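S.K.: Everything below, folded, please.
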Amino acid sequence: MKIKYIYIIAFVIILFSVSRTYSQTINITYSTPVCQGSSTQFYGTATAVTATSFNFNTGGLPSGWSSTAYTVGQPCNAVPGNTPDNSNYFWAADVSGARWVQTSAVDVTYGGNLNFLIRYGNDDPEPGCEQVDSGEHVVVQFSNPSYNSGAWTDIIALTTLNYTWQSRSVAIPNNAKSSNTSFRWIQNTSSGIGFDNWGLDDISVNRVPNVLSWSWNFGDGETSSAQNPAHTYTTSGNKNVTLNVVFEGSVNGSDAETVYVNPKPATPTLTLSPDEVCQEATQFALSGGSPTTGGVYSGTGVSSNLFYPAIAGSGNHTISYRVSSAGCWSDAITDVMTVNPTPTVTFGTVTPNPVHLWQGATLGGGTPAGGTYSGTGVSGTSFTPSVIGATGNYPLAYTYVDANTCTATANYTVSVIDNSPTLNLNQSPVPDYYMLTSPVVLFPDATITDSDGGDINWITILINPMANTGTDNDEFYFTNTTNITGSIDSNGWLALIGPASVSEFQQALRLVSYANIGTAFPEVTRTIQVTITPTTSAQAQQFGQVNIIPNQRPVAVNDSYDVYEDNYILSVAADGVLSNDYDPDAFDVIHAVLNTNPAHHASFNLNANGSFTYEPVDGFVGTDSFTYYANDTKVNSLTPATVTIHVLHPTWDGTGDWSDASKWNGTIDPSEALDSVLINNGTVTIGTANAEVRVITLTSNGHFQVQNGYYLQIDDALRNNMRRVVSLNSPMQVKTSIEIPMDNSPVKGDTDMICVSESSMLHINGTYFLDTDGIFKKDASRIGYRNGQWEIWDERVNSG
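M.R.: Below is the predicted model of the structure:
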């Protein structure tokens, strides 16, 4: 309940030529709720009142006012020209030069505020309502005869060019306080008529006299002379509060309020739970206070009923608890919260450091002792970075828990590097290997480099697949590495393992041949995994591959040759029997391997290159043969080839003139001498350069009859020859002998033919007899053409 006591004093003030009566209002306010035992703040206020006011609703200026040209009314458009209440207003009319309006003398002895509405023009289409140019603002001034002897002093310049009505309140300066002060609104500059319009309305003066005294009574026997006192009630219930104020000029005012004081709540109980924590613990809600409704905890490290151990720090801390009811607080109850300190922990060491990716390190030295190391790749005090599988920087931690279960962790960033050796098999393309009779280096270009200086300790080589029987173990072996052993594991891999140097590795793994002599077997592809493990660094691994191509047998093809009986030698040059043999493996070189000898040979020799010589036994005429295998240095042909030799006997067919050489079959006996010159395994040929066929006979007296331009050529079995053109008198001449200069001799040392030096003479002499001394027998020798060559026969050869 509120009771107002108002004292009204009537006096006469000449203000705008109008008399005014005013009163002063007093108000009591206070903070709520008002609680027993708690301080309550009270406030006393004296409200300012309007001493006088004026508007222009009557259509003219107040008595005692003056102005340059003006209009009172509503000269401008309604929007935005009219005032908020759509009443008449003062409007400065169009003039050139300064324009103003001033009040009559006003009593502002106690100061206060000068209040008014003002608006500038805004290009209103109505005449005299245009906007003001920049710099053409209005200034508010005062004139106090006792201060400036009637001159004008600026209070404020209204430079904000508002084009709608604005409410302004200007404090009356101390120098303006008097009982005879005038106010003026003036526009000092103008750019010309139509550019300087403005207006006023609702002018008033508010003031509050000085307070001489404040007198409070709080209704419980306590008082105060302060304007805004604080008071604490010790009892609850309704209290009647009054305030009396004395102003200057013998003006008094008062106010009264009935205030209800709420009783204080009962003191709660408090048993903290938990009451002991570790400093590193996260914040948690406090508990243990009763009742819980309206309860609030406070103390070091407490915020919003949460306890922050890290903020409180280690030690014993007093925690308070109180409850509220109707906004009033009980007395506080306390308990102690113990914060145990976080242990101080150091990480220790990592050995080695930095850590090699494929090796690992030992962790130790963390304090206090008894802590635990953790991190990816950590087990106990061992750090295995290969679990991570990459180089880089990685976090490790050492955690210690003390007797109070307080925990601390020391973190450490470990650097993992890769000093692995580099293994490069340098295998491009994948090599093909065939059945071999001697080892071959499997990876001849393989290289190993190691940043630790070549400290290779172990080399492991796995070869897969191997035969299930395990018998293939001998196919692969190391050379010059006595410490390396090999065995086949349960997965069928051949594992060769042992210490080796880099140089040993370069030549270590070798491949030997299969012992397969049967039919061709499928191609085998070996995948070879090579792993090297250095002494102090990581392992390197690379896969290689070799293709083991099965060997294919060569094929031997049958052959056939002719030779004449008695002392004739069949001589076949290189390739010989191999010329028509072949091997499906184009890279293989084949050789002849004798299987069975000919049955009727006086002499026989088969060479690996396929050449051979054969001489039948004397008197044998018929078919002889021998067999051989074609061999590719690894295996023989599946079956042997048969070489058939036809041993022939020269015969005359018994028709025509026996002197017609074309009827004879045979050649001169190479074992006989002509004029004491032995021609081994050769023939004597007479022919022409243009291969014309001629019959040249040996006459009954043993003379040669030959036409000029013919030549005599002697060939041996190797097809070396001695050729010389015989020049005789034309057209025909009979000679008993022919001498041939030999300027194209066979090579000396040729065992198949006699060697005659150049410029020697080969003398062929026809006589009556041809026997062992090389003398032709009369009428017994013939020269004829057979099989494209001229030949000489004697009776002995052709007998029978």
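S.K.: Just the pLDDT for the spatially closest residue to Asn424 that is not a sequence neighbour.
M.R.: Residue nearest to Asn424 in three dimensions, not counting chain neighbours: Thr447, with 5.1 Å by CB to CB, 6 or more residues apart in numbering. No exception for glycine: its C-beta is placed from N, CA and C like everyone else's. Listed pLDDT for Thr447 reads 71.
S.K.: burial count for Thr447?
M.R.: The tally of other residues near Thr447 (other CB atoms under 10 Å) stands at 13.
S.K.: Correct me if wrong: it contacts Gln427.
M.R.: No: using CB atoms under 8 Å, Thr447 makes no contact with Gln427, being 11.3 Å away.
S.K.: domains of this structure?
M.R.: Taking automatic domain parsing as the domain assignment, the ranges for the chain are 2-48+210-261, 50-207, 269-340, 349-417, 422-549, 559-648, 661-798.
S.K.: State the distance from Tyr297 to Pro309.
M.R.: Distance of Tyr297 to Pro309, computed by CB to CB, to the nearest Å: 14 Å.
S.K.: swap that for Cys76, sorry
M.R.: Going from Cys76 to Pro309 by CB to CB gives 73 Å.
S.K.: How many neighbouring residues does Gln359 have?
M.R.: 20.
S.K.: Pull up the per-residue confidence for it.
M.R.: 77.
S.K.: Same check on Leu606?
M.R.: With respect to pLDDT, Leu606 scores 97.
S.K.: Just give the nearest non-adjacent residue to it, would you?
M.R.: Spatial nearest neighbour of Leu606, excluding adjacent residues (CB to CB, 6+ apart): Phe612 at 4.4 Å.
S.K.: contacting residues around the one you found?
M.R.: By CB atoms under 8 Å, 6 or more residues apart in numbering, the contact set of Phe612 is Val572, Gly576, Val577, Phe604, Asn605, Leu606, Val643.
S.K.: Top of those by number of neighbours, please.
M.R.: Neighbour max across the contacts of Phe612 (other CB under 10 Å) = Val577, 25 neighbours.
S.K.: for that residue, phi and psi?
M.R.: Dihedral pair for Val577: phi -70, psi -20, per degrees, to the nearest 10.
S.K.: isn't it right up against Asp559?
M.R.: Yes: counting by CB under 8 Å, Val577 touches Asp559, with 5.0 Å between them.
S.K.: which residues are common contacts for the two?
M.R.: In contact with both Val577 and Asp559: Ala641, Val643, using CB under 8 Å, 6+ apart.
S.K.: Where does pLDDT dip in the stretch 601-750 of the chain?
M.R.: For the stretch 601-750 of the chain, the stretches flagged by pLDDT under 70 are 650-750.
S.K.: Which residue ranges of the stretch 201-350 of the chain form helices?
M.R.: Under the criterion DSSP state H, counting those that start in this stretch, the stretch 201-350 of the chain contains helices at 309-312.
S.K.: SS state for Ser386?
M.R.: Taken by DSSP: H, G, I helix; E, B strand; the rest coil, the conformation at Ser386 corresponds to helix.
S.K.: what sits against it?
M.R.: Leu357, Trp358, Gly360, Gly377, Ala538.
S.K.: Selection in PyMOL covering whichever of the residues you listed are buried, please.
M.R.: Entered in PyMOL, the line below selects the buried ones among the contacts of Ser386, by 16 or more other CB atoms under 10 Å:
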select buried, resi 357+358+360+377+538
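S.K.: Farthest pair within the contacts of Ser386?
M.R.: Within those, Gly377 and Ala538 form the most distant pair, 14.0 Å apart (CB to CB).
S.K.: Look up how far Val101 lies from Pro85.
M.R.: Check again: residue 85 is Asp, not Pro. According to CB to CB, Asp85 stands 20 Å off from Val101.
S.K.: swap in Val572?
M.R.: From Val572 across to Val101, the span is 151 Å (CB to CB).
S.K.: so Gln36 sits right up against Asp220, yeah?
M.R.: No: contact between Gln36 and Asp220 fails when scored by CB under 8 Å: they sit 10.9 Å apart.
S.K.: Please enumerate the shared neighbours of the two.
M.R.: What both Gln36 and Asp220 touch, as defined by CB under 8 Å, 6+ apart, is the set Tyr233, Thr234, Thr235.
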